[in-house]
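S.K.: predicted coordinates and the sequence they were generated for:
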Amino acid sequence: LGDGMVARGNVRSYIGEHALALADFIAAQRIFDAAGLHAQSERNLQNIGIAYRRMGEYDRARRYLEQGREIALRQQDWPGVLVQ
């Protein structure tokens with residue numbers, strides 16, 4: 001269910017429905033956290049940050065993107081670091 005919410009959020013974000021995308025990403029985050037799916041939860045931080053950035057909420061975006069960057073660095077996920 002969480003992966004489906006992320007997929008729908010990505011589509012909504014790409015077509016400019018950023019608030020709806022953000023709602024999907026946050027719902028997915030709750031699902032991942034409740035299920036103890038830490039890897040999915042960590043990857044989703046980037047989606048939330050990007051949605052906030054696209055909405056012009058730069059301070060909120062920065063918090064999520066920096067968290068995602070720290071995780072990517074710790075995991076030596078170089079493509080993930082570059083996306084941040």
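M.R.: Perfect, I can see it now. Numbers count the residues shown, from 1 in each chain.
S.K.: grab the nearest non-local neighbour of the residue positioned nearest the centre of the chain.
M.R.: Per Cα atoms, centre = their mean, the C-alpha nearest to the average position across the chain is that of residue 47, at 2.3 Å. With sequence-adjacent residues excluded and distances taken as Cβ to Cβ, 6 or more residues apart in numbering, residue 47 is closest to residue 25, at 4.6 Å. (Glycine included, C-beta is placed from N, CA and C.)
S.K.: for residue 71, same thing?
M.R.: Residue nearest to residue 71 in three dimensions, not counting chain neighbours: residue 42, with 4.8 Å by Cβ to Cβ, 6+ apart.
S.K.: please give the element, helix or strand, for that neighbour.
M.R.: Residue 42 is part of helix 38-54, with elements assigned from DSSP states H and E.
S.K.: where does the prediction get shaky in this structure?
M.R.: Across the chain, residues meeting the criterion (pLDDT under 70) sit at 84.
S.K.: for the residue sitting furthest away from the middle of it, helix, strand, or coil?
M.R.: No residue in the chain has its C-alpha farther from the mean C-alpha position than residue 76, which lies at 18.3 Å (Cα atoms, centre = their mean). When the structure is split into helix, strand and coil by DSSP: H, G, I helix; E, B strand; the rest coil, residue 76 lands in coil.
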